[in-house]
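Q: Turn this into a model:
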Amino acid sequence: PYLGGAELAERLSSLRPGMRVLYMSGYTQESVPLRRTIAPGVALLQKPFTPPMLLRAVREVLDTAPAATAQHQPH
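A: Next up is the predicted model:
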């Protein structure tokens, strides 16, 4: 509960190399909180979203090479 998404993804990726990540946020990718935690091009689904949008985003992440979905910027 005390970790942000990028920190959680970083910790889990050491346990599961190649893990895919889909970030979900109410912020836009250009907002300050997200610019500090995730790199441009990382999969981001903005809230609000519909079930079909979620399914499409998950499918895109699963179809993408693992390295492109699990990147993040250092703090």
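Q: which residue lies farthest from the center of the protein?
A: Distance from the C-alpha centroid of the chain peaks at Pro52, with 18.0 Å (CA atoms, centre = their mean).
Q: for this protein, what are the low-confidence residue spans?
A: The chain contains residues with pLDDT under 70 at 29-30, 32-41, 66-75.
Q: ok, which stretches of it are strands?
A: Using DSSP state E, the strands of the chain run over residues 23-25, 44-46.
Q: Take those strands and lay them out in a markdown table including mean neighbour count.
A: Quick note: C-beta positions are derived from backbone N, CA and C, even for glycine. Below are the strands of the chain laid out as a markdown table (neighbours: other CB atoms under 10 Å):
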| stretch | mean neighbour count |
| --- | --- |
| strand 23-25 | 17 |
| strand 44-46 | 16 |
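Q: May I see these arranged in TSV, with distance to Arg56 as well?
A: Listed next are the strands of the chain as TSV, based on distance: least, CB to CB, whole Å:
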stretch	distance to Arg56
strand 23-25	13
strand 44-46	9
